[in-house]
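Participant: show me the folded form of this:
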Amino acid sequence: MTDFVTKDTVRTRYWHTLDDGRVQCDLCPRFCKMHKGQRGLCFVRQNLDDQIVMTSYGRSSGFAIDPIEKKPLNHFLPGTPVFSFGTAGCNLACNFCQNWDISKSREMDTLMSKASPDAIAQTALDYGCDSVAYTYNDPVVFHEYAIDTAQACRRLGIKSVAVSAGYVCAEPRVEFYQWMDAANIDLKAFTEHFYHKIAGGHLEPVLETLKYIKHETSVWLELTTLVIPGENDSEVELEAMTQWVVENLGPDVPIHFTAFHPDWKMRDKPPTPLSSLLQARRIALKNGIHYAYVGNVHDKAEESTYCHKCRGLLIGRDWYELSDWNLDASGNCRFCGERCAGVFNPKPGNWGAKRKAVVMG
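Facilitator: Residues are numbered from 1 along each chain as shown. Down below sits the predicted model:
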């Protein structure tokens with residue numbers, strides 16, 4: 001059970017006291033070391049009375065119902081609505097952040113909506129959502145709130161989806177993912193230089209998270225890479241990344257190559273051309289990945305799902321709208337019988353592309 005200090009502040013588990021009196025947060029590999037009153041880089045975790053507390057419990061930057069494909073998840077309950085929410089703050093420092101107004105917020109007024117874990121789960125059920133997504137900012141920084149919500153969701157038969165950069169330490173990672181049913185992890189690049197200089201972190205902890213999710217849990221896993229011109233779009237890097245995915249995670253982990261647009265502190269780069277996304281997808285398929293997609297652009301052919309054996313069209317997509325559906329009730333290709341990797345209902349959902357804002361509390 002969550003241990004409250006105040007209504008919006010809870011005690012956390014992952015920290016220890018240093019010899020110099022500071023307290024080190026052990027939730028993520030940043031290992032922020034704080035004097036009394038100081039906050040970590042994520043801003044929502046603070047040294048209060050010589051312990052690390054989370055200061056944003058129960059408060060959100062907003063609630064909405066989205067298509068599950070927007071997370072993006074193409075092989076997890078396609079066509080269904082997902083109840084989405086996030087808080088504020090982030091434990092990375094990506095120059096290109098596309099949600100910087102939320103993830104880099106230093107104003108608690110950003111968190112205008114309030115809702116308990118039980119209220120979120122009940123609202124998702126009332127709206128007919130199959131799942132709840134912890135998104136908009138990284139759920140690593142609202143670890144306790146996300147877990148409590150996932151537990152409430154599980155009691156009601158609602159699944160939980162983590163949309164994360166995977167930058168988390170081993171012990172809290174185990175606790176977190178035992179309550180998740182699916183995850184899309186942002187594999188930002190495949191060089192330490194990119195992670196250190198552009199994202200403010202390190203590559204190896206993310207790779208460890210990916211291997212853990214794939215091999216130590218039953219969580220359905222998909223990957224996303226935002227392709228940035230001149231930074232992570234070289235053929236050499238894409239070859240290395242996709243080969244690593246096949247060798248370490250297997251060919252059935254879908255990967256989404258999405259288009260960058262200039263934002264936050266990286267406004268000097270041009271938007272990603274479609275040709276770069278298509279090249280990334282081609283390389284992934286060549287190296288054995290069964291399911292590769294492009295995103296943030298409109299290209300129906302490359303947004304759709306194909307059987308990796310016979311290449312028949314399994315799921316047609318036009319943005320977030322589903323069209324063709326050629327999976328049988330067991331998730332097998334209707335043309336050749338090959339299993340399509342994923343978590344599927346006997347019939348697809350029909351939520352479509354709509355987004356519905358939800359007011360809580």
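Participant: helices of the chain, start to end?
Facilitator: Under the criterion DSSP state H, helices of the chain are mapped to 100-103, 117-126, 143-155, 170-177, 192-194, 203-216, 235-248, 274-286, 300-303.
Participant: closest one to residue 79 among these?
Facilitator: If you check each of the helices of the chain against residue 79 by Cβ to Cβ, helix 300-303 wins as the nearest, at 13.5 Å. The way it works is simple: take the backbone N, C-alpha and C, and place the C-beta from them, glycine included.
Participant: in the closest one, what's buried?
Facilitator: For helix 300-303, a neighbour-count test (16 or more other Cβ atoms under 10 Å) marks 302, 303 as buried.
Participant: center of this protein, which residue is that?
Facilitator: For the chain, residue 163 is the residue whose C-alpha lies nearest the centre (Cα atoms, centre = their mean; 1.5 Å).
Participant: what sits against the closest residue to it other than its chain neighbours?
Facilitator: Across the structure, with Cβ to Cβ, 6 or more residues apart in numbering as the measure, the residue nearest residue 163 apart from its sequence neighbours is residue 135 (3.9 Å). With contacts defined as Cβ atoms under 8 Å, 6 or more residues apart in numbering, residue 135 is in contact with 71, 84, 85, 86, 161, 163.
Participant: over to residue 269?
Facilitator: Going by Cβ under 8 Å, 6+ apart, residue 269 touches 96, 228, 229, 230, 231, 260, 262.
Participant: can I get the buried ones among these as something I can paste into PyMOL?
Facilitator: Selection of buried members from these for PyMOL, criterion 16+ other Cβ under 10 Å:
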select buried, resi 96+228+231+260
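Participant: of the contacts of residue 269, just say which sits nearest to residue 319.
Facilitator: Closest to residue 319 out of the contacts of residue 269 is residue 260 (18.2 Å), distances taken as Cβ to Cβ.
Participant: wait, the closest one touches residue 96, no?
Facilitator: Yes - between residue 260 and residue 96 there is a contact at 6.4 Å, judged by Cβ atoms under 8 Å.
Participant: quick check: neighbours shared by these two?
Facilitator: Taking Cβ under 8 Å, 6+ apart as the contact criterion, the residues that touch both residue 260 and residue 96 are 226, 228, 269.
Participant: which ones among those are found in strands?
Facilitator: Residues from the shared contacts of residue 260 and residue 96 lying in strands, with DSSP state E as the criterion: residue 226.
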